[in-house]
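>>> the following comprises the amino acid sequence and a computationally predicted model.
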Amino acid sequence: MTVRAALRRASAAAILFSALAWAPAADAERGGMTLAMLDRIAPGQWQVRTRETGGFDGRLCLAEGRPLLQLRHPGQSCRQFVVQDEPDAVSVSYTCGPAGSGLTRIRFENEQLLQIEAQGIARGLPFAFNAEARRMGSCSH
């Protein structure tokens, strides 16, 4: 990614995060909204493939869908704000202190196929990607 492209993405992310301040968001940590769509995702081994470079590619063993919200900030304790909570789509903005922040939108195709859009800042650098998540089967332990 060129410096110019990275700056454009960072500017777009800043504008989007500013716009989110005006959106009616609920604090997910306080149980404001349920994100029930993520509970419809079939547990098991999921393959995530991005359409661009610099995203997230890999396999995840998921019991439920919430880890998909923070693919570039895995396992970090972040404060989440629900932007959209509908039967077939969720959008969550999150902040992880100095580790960065992000905005993720997950669209439900079926129990075994999802579309993910994410953007934000990780390790001081902007990121933005579109990905497809597909269930591959049971988790192997």
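That came through fine.

>>> which residues of this protein fall in helices?
3-20, 36-39 (DSSP state H).

>>> which neighbours does the top strand by length along the chain have in its sheet, and in what orientation?
As assigned by DSSP state E, the longest strand anywhere in the chain is strand 125-137. Applying DSSP bridges, strand 125-137 is found paired with strand 44-50 (antiparallel), strand 113-122 (antiparallel).

>>> the helices of the chain: lowest mean pLDDT?
Of all the helices of the chain, mean pLDDT reaches its minimum on helix 3-20 (a mean of 46).

>>> which residues does the closest residue to Gln112 other than its chain neighbours bridge with?
In space, and not counting its chain neighbours, Gln112 is closest to Arg135: 3.8 Å by CB to CB, 6 or more residues apart in numbering. Where C-beta positions appear, they are placed from N, C-alpha and C, glycine not excepted. Taking DSSP bridges as the rule, Arg135 bridges to Trp46.

>>> Arg135 contacts Arg40, doesn't it?
No: using CB atoms under 8 Å, Arg135 makes no contact with Arg40, being 11.9 Å away.
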